[in-house]
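Visitor: Using only what follows, build the 3D model:
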Amino acid sequence: MYGDRVLAGQVTHTALFISLIAAGAWVSVPAPPVPFTLQTLFVLLAGAVMGRAAVVPVALYLLLGALNLPVFHNGAAGVGVFLGPTGGYLLGFLPAAALVGIAYEGDSPLRHAAGLTTATFAILLSGVAWLLVSTGMPLSVALLVGLVPFLPGDLIKAAAVAVIAKRLKSRVGSVR
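Guide: I've put the predicted structure just below:
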């Protein structure tokens with residue numbers, strides 16, 4: 001790794017985003033059955049900064065939580081979290097990071113917005129699908145508790161990522 005600036009940057013970004021996603025899990029507003037957190041902001045930002053390589057820190061974050069490190073919302077940990085109502089949202093982080101990452105590998109602001117929006121819905125729909133399976137609630141109820149309350153905040157987080165990524169790109173010259 002010595003002398004390889006690209007690899008050093010990827011390792012640094014990976015550690016940074018694992019830490020930010022975990023810290024975002026602690027910024028939590030309890031709401032049954034799924035709390036509001038800042039994790040999605042950092043998952044989307046990882047994609048904007050790292051491109052499709054953002055899947056690595058997200059996968060490692062999920063692995064750390066599965067290995068019982070208290071990195072999920074409010075210090076939750078273990079494989080059981082994936083089996084509970086939040087499991088679908090957590091697993092939705094993987095395709096979301098990839099979608100934003102692929103979108104940010106181009107320079108089009110429209111492509112960036114589409115990637116952020118698609119990624120946001122990937123997380124939410126993955127969460128709703130798992131709510132249906134894990135709780136047995138009807139689709140209408142799963143949408144009402146697992147999608148509708150999160151839409152405004154998640155769209156604001158996506159907009160924030162667009163602004164942050166644009167500022168980072170203007171300061172650094174390249175986000176990746």
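Visitor: buried stuff in stretch 81-97?
Guide: Residues of stretch 81-97 classed as buried by neighbour count (16 or more other C-beta atoms under 10 Å): 81-82, 84-97. C-beta coordinates here come from the backbone N, C-alpha and C atoms, glycine included.
Visitor: Check what contacts it and list those residues.
Guide: For stretch 81-97, contacts defined as C-beta atoms under 8 Å, 6 or more residues apart in numbering pick out 21, 33-35, 39-40, 43-44, 46-47, 54-55, 57-59, 61-62, 65-66, 72-73, 76, 119-120, 122-131, 133-135, 146.
Visitor: Report the buried members of those.
Guide: Among these, those classed as buried by 16+ other C-beta under 10 Å are 21, 34-35, 39-40, 43-44, 46-47, 54-55, 57-58, 61-62, 65-66, 72-73, 76, 119-120, 122-131, 134, 146.
Visitor: Output the contacting helices and strands for the lengthiest helix in the chain.
Guide: Determined from DSSP state H, the single longest helix within the chain is helix 109-135. Contacting helix 109-135 under the criterion 3 or more C-beta pairs under 8 Å, 6 or more residues apart in numbering; DSSP states H and E are the following elements: helix 39-50, helix 87-103, helix 139-146, helix 151-172.
Visitor: rewinding a little: from the buried residues of stretch 81-97, which is closest to Gly106?
Guide: Nearest to Gly106 out of the buried residues of stretch 81-97 is Ala97 (C-beta to C-beta; 16.2 Å).
Visitor: Show the model's pLDDT score for the closest residue to Ala119 other than its chain neighbours.
Guide: Of all residues beyond its chain neighbours, the one nearest Ala119 is Ala96 (3.8 Å), with distances taken as C-beta to C-beta, 6 or more residues apart in numbering. Note for Ala96: predicted pLDDT of 98.
Visitor: ok, back up a step: which of the helices and strands packed on helix 109-135 sits closest to Val11?
Guide: helix 39-50 (11.1 Å).
Visitor: what residues are up against the residue positioned nearest the centre of the chain?
Guide: Closest residue to the average C-alpha location of the chain: Val43 at 2.9 Å, with C-alpha atoms, centre = their mean. Counting by C-beta under 8 Å, 6+ apart, Val43 touches 21, 54, 58, 93, 96-97, 100, 119, 123.
Visitor: Sheet partners, orientation included, of the worst-scoring helix or strand of the chain on mean pLDDT?
Guide: Across the helices and strands of the chain, mean confidence by mean pLDDT, DSSP states H and E is lowest for strand 28-29: a mean of 88. Strand pairing for strand 28-29, using DSSP bridges, gives strand 36-37 (antiparallel).
Visitor: what's around Asn68, how many residues?
Guide: Applying other C-beta atoms under 10 Å, we find 12 residues neighbouring Asn68.
Visitor: May I ask you to confirm that it is in contact with Gly78?
Guide: Yes: using C-beta atoms under 8 Å, Asn68 is in contact with Gly78, at 5.0 Å.
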